[in-house]
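Student: fold the following, please.
(chains A, B and C)
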Amino acid sequence: MSTPSIGYLYAAILLAAGFVFVIIATSLANLLAPHDRTKEKLQTYESGETPIGSARVQYPLGFYIFALLFVAFDVDIVFIIAWAIIFKQLSLFGFFEIFFFIVVLVLGLVYAWRKGVTRWI
Amino acid sequence: MDLATLIFWIIAVILVGSALMVVGLRNIVHSAVALILLFAMAAGIYVLLDAEFIAIVQILIYAGAVTILILFALMLTRITGQQSRTNPTNKQWWIALVICTLLGVSIIYAATTSPHAVATVGSDSGQLPAGINNVVRIGQLLYSPTQYSFVLPFEIASLVLLVAIIGAIVIGRED
Amino acid sequence: MLLADDAVTQLIHGIISWQFLQFVVTFLVIFVFVLTGAVILVLAERKIMAWMQDRLGPIYTGPWGLLQTVADMIKLLLKEDIRVADSDKLLFLLSPSVFIAPVIAAFAVLPFSPYISLPGTGLATGIVYYVAMSSIDVVAVVMAGYSSNNKYSLIGGLRAAAQMISYELPLVLALVGVVMLTSVLAGAPGYPGHDSIGTISLRQIIDFQGVWHKTGNPVLDFIFEGNTPWEWFILIQPLMLVIYYICGLAETNRAPFDLPEAESELVAGYVTEYSGVRWAMFYLGEYGNMTIVSAIATILFLGGWSGPGVAYLTGLNVPVWGLVGNLLALVYFIVKVYLLCAVFIWVRATLPRLRSDQLMRFAWLILIPITLGNILLTGALFLLISGLGLPTWVFLTVTGVINWAALFGFIWVVGRATVATTRRAQAPAIRARLRASTTPALPLRDGIPARVPELP
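Tutor: Numbering: from 1, shown residues only, chains lettered A, B, ... in the order given. Below you'll find the predicted structure:
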């Protein structure tokens, strides 16, 4: 394994340690905490009322549009970062490349705004 | 077998296992969660190939953004209201098995016999010049007008993203 | 196990090495920092907010209430772990770990001091790595909301996810300006890196803010080596720091962006059904996120660990002084991070919650255009000034001046937008009152309107 990759091995160890930490904490709580389960206690909380129906009903489409906008802009950001890191080297040519790229995406944003997508929530 | 190979095999086993879980789990939201594990493991393989930027972008775009998109899409459907068996199945799994086996065998055959196959891993031929890491190199390859010209594909990518945004809004507007 | 012999020897060689010792030290510091960070921050939050609201805060547990959060922690460990009957058990149990593991993993990218950081030069993908880790948190929030099968949880989870993804975009775009500055500065005399190749590694970005040419005067060298506040990127891009910080507030679901856990309408949002130690995990993750946001702001804009003596002492190559220098660096870094965390608490005590119609518009229509504009403006300014043949410091000064001016412009725009959206939201009520004032007042009989008039 080469030198740059070894850093990610360490990061993966930290990630795994996070999972192990939760397991340790919950099993410790399992040992210490009382276990007294009643039917009422395990009921879904709904401000003291008996819940009616499942919570998993159809949800508004607005969330989905935001997620799609987010995916598009996330890809955009990756490209922008790859450009920004050497932007001095790329000079004028690279600047106009990214300029048109950003302008096209802003067109999408303007369209979303005119259609009133951002008015939601 | 060195450490990198050992890690590769661990990652590969988890990757294939989570891929099977995506297909086989009865609850579709569980499938979506297994998909995150799959993307993370794919990122691990990219790291083993020293493609660190691609690996992190894999986590950022796929494990972060695309799974959110999938989860939101599932929330829109009524199918999540049922407690189990939301991932529909039918009796044709054996046809899929045959097709997948054929496809897998042909991919393995092509990858091992092709002249483009990667013969050795970690040879010095692919070394980057000093002071230039993975991220910088990708930027240079994408944007530089002289070395490799990916300028046109890059600009077209922005149009594709624009079409995706407008399409989402057009389909998404209920009125 | 013949095949695995190589791997085992490699593993042993990897573990018995100075690098691995460095990793173990870093690992321990990260864990202690995450665990004590939450305890200290909860106490600080309660105390500071109490002072701001003219109260005392916790005073009974321990001297001056200092042990209050320790007692809270023990209480949480002793609480019963309730798993709702209707929940999706697998995801319900998994989501606290999915929430907190990326938070701890994101600490890997932070350099605490010259020695206490990942071995080697750290992760080369610094900023992107941090954003990738924080984007996994969104998945955990949706999982928690969905699996509880509770209406409050699901609405809170979806709201939180929509808010977090929307504010993640300006958060990254605000940092791009700094990356561009490193590209401009790289290769200049004294600056690290090769000519015009910038960096997104946090470790190197700290080096870019501490360039000091040795004078030979030990006092000046001691104070200013690696500690040059006039080079901090906050001076050049103050607006980006402010926008990054606002997005950090929204990313961590802190006030005034705490709509997903607005207690008056959604009980506790996506953590409604969690109790005991699993609930504590979500809060640990939230406070961990808060410290990460502050730490990234410290590193990118405030010089990271830099302070008097750090670079000088570690540069002596004497183990004892190196230890002192590293401890100094750790102290400077943690003080800066906690000062920024105190701003989080200050904001919470000061600002009311955003209205839901303002939330998304603020991200998409104000923050994203401004950050994109900043990127284009910085690029255009540099090309213009270098095209005229002027030196880099002119570019830095002009960018700094424009950015400071833009900061005040931003405050003005946000003020106008707040007033405008509030007017629009209140318009129906105001119209109704105007209509009511034109209709004649009802004759009262025993203090009660005589009859209900017909609605216009």
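Student: is any part of whatever helix or strand residue C:36 lives in close to chain A?
Tutor: Using DSSP states H and E, residue C:36 falls within helix C:18-52. Yes - using C-beta under 8 Å from any C-beta of the partner chain, helix C:18-52 reaches chain A at C:19, C:23, C:27, C:30-31. Where you see a C-beta, it was placed from the backbone N, CA and C, and this is true even at glycine.
Student: in ChimeraX, how would I select the buried members of these?
Tutor: Entered in ChimeraX, the line below selects the buried ones among the residues of helix C:18-52 next to chain A, by 16 or more other C-beta atoms under 10 Å in any protein chain shown:
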select /C:23,27,30,31
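Student: in TSV: the residues of helix C:18-52 next to chain A, plus pLDDT.
Tutor: Putting these into TSV (pLDDT from 0 to 100) gives the following:
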residue	pLDDT
C:19	76
C:23	80
C:27	85
C:30	86
C:31	85
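Student: out of the residues of helix C:18-52 next to chain A, who's nearest residue B:76?
Tutor: Ranked by distance to residue B:76 (C-beta to C-beta), the residues of helix C:18-52 next to chain A are led by residue C:30 at 38.8 Å.
Student: show me the residues around residue C:50 that make contact.
Tutor: By C-beta atoms under 8 Å, 6 or more residues apart in numbering or on different chains, the contact set of residue C:50 is C:56-58.
Student: name the member of those with the most neighbours.
Tutor: For these, the largest number of neighbours (other C-beta atoms under 10 Å in any protein chain shown) sits with residue C:58, at 19 neighbours.
Student: distance of that one from chain A?
Tutor: Distance, residue C:58 to chain A, by C-beta to the nearest C-beta, to the nearest Å: 23 Å.
Student: same thing with residue C:255?
Tutor: Using C-beta to the nearest C-beta, we find residue C:255 at a distance of 18 Å from chain A.
Student: and the residue most central in space within chain B, what is it in contact with?
Tutor: By C-alpha atoms, centre = their mean, chain B has its centre lying nearest to residue B:39, at 5.9 Å. Residue B:39 makes contact with B:58-59, B:62-63, B:66-67, according to C-beta under 8 Å, 6+ apart.
Student: just residue C:418 next, same as before
Tutor: By C-beta under 8 Å, 6+ apart, the contact set of residue C:418 is residue C:358.
Student: what average pLDDT does the helix or strand harbouring it get?
Tutor: Per DSSP H and E, residue C:418 falls inside helix C:392-438. Helix C:392-438 carries an average pLDDT of 85.
Student: surely residue C:238 and residue C:403 touch.
Tutor: Yes - proximity of residue C:238 to residue C:403 meets the contact threshold set by C-beta atoms under 8 Å, at 5.8 Å.
Student: report pLDDT for the residue in the stretch 51-200 of chain C that chain A sits nearest to.
Tutor: The nearest approach of the stretch 51-200 of chain C to chain A comes at residue C:101, 3.1 Å away (C-beta to the nearest C-beta). Residue C:101 is assigned a predicted lDDT (pLDDT) of 90.
Student: I'd guess it is in a strand, am I close?
Tutor: No - per DSSP: H, G, I helix; E, B strand; the rest coil, residue C:101 lies outside any strand segment and is helix.
Student: so how many other residues sit close to it?
Tutor: As a burial measure, residue C:101 scores 25 neighbours (other C-beta under 10 Å).
Student: verify the contact between it and residue A:15 for me.
Tutor: Yes - the pair residue C:101 / residue A:15 is scored as a contact, 5.2 Å apart, by C-beta under 8 Å.
Student: got the contact list for the residue lying closest to residue C:209 once chain neighbours are set aside?
Tutor: Nearest residue to residue C:209, sequence neighbours excluded (C-beta to C-beta, 6 or more residues apart in numbering or on different chains): residue C:303, at 4.6 Å. Listed by C-beta under 8 Å, 6+ apart, the contact set of residue C:303 reads C:206, C:209-210, C:227-229, C:231-232.
Student: residue C:172 versus residue C:303, what's the distance?
Tutor: For residue C:303, the distance to residue C:172 equals 21 Å [C-beta to C-beta, to the nearest Å].
Student: residue A:117 now?
Tutor: Going from residue A:117 to residue C:172 by C-beta to C-beta gives 21 Å.
Student: equivalent analysis for residue C:14, please.
Tutor: Residue C:14 is 33 Å from residue C:172, by C-beta to C-beta.
Student: go through the lowest-mean-pLDDT helix or strand in chain B and flag the buried ones.
Tutor: Lowest mean confidence among the helices and strands of chain B (mean pLDDT, DSSP states H and E): helix B:134-143, at a mean of 79. For helix B:134-143, the neighbour count (16+ other C-beta under 10 Å) marks B:134-136, B:138-140, B:142-143 as buried.
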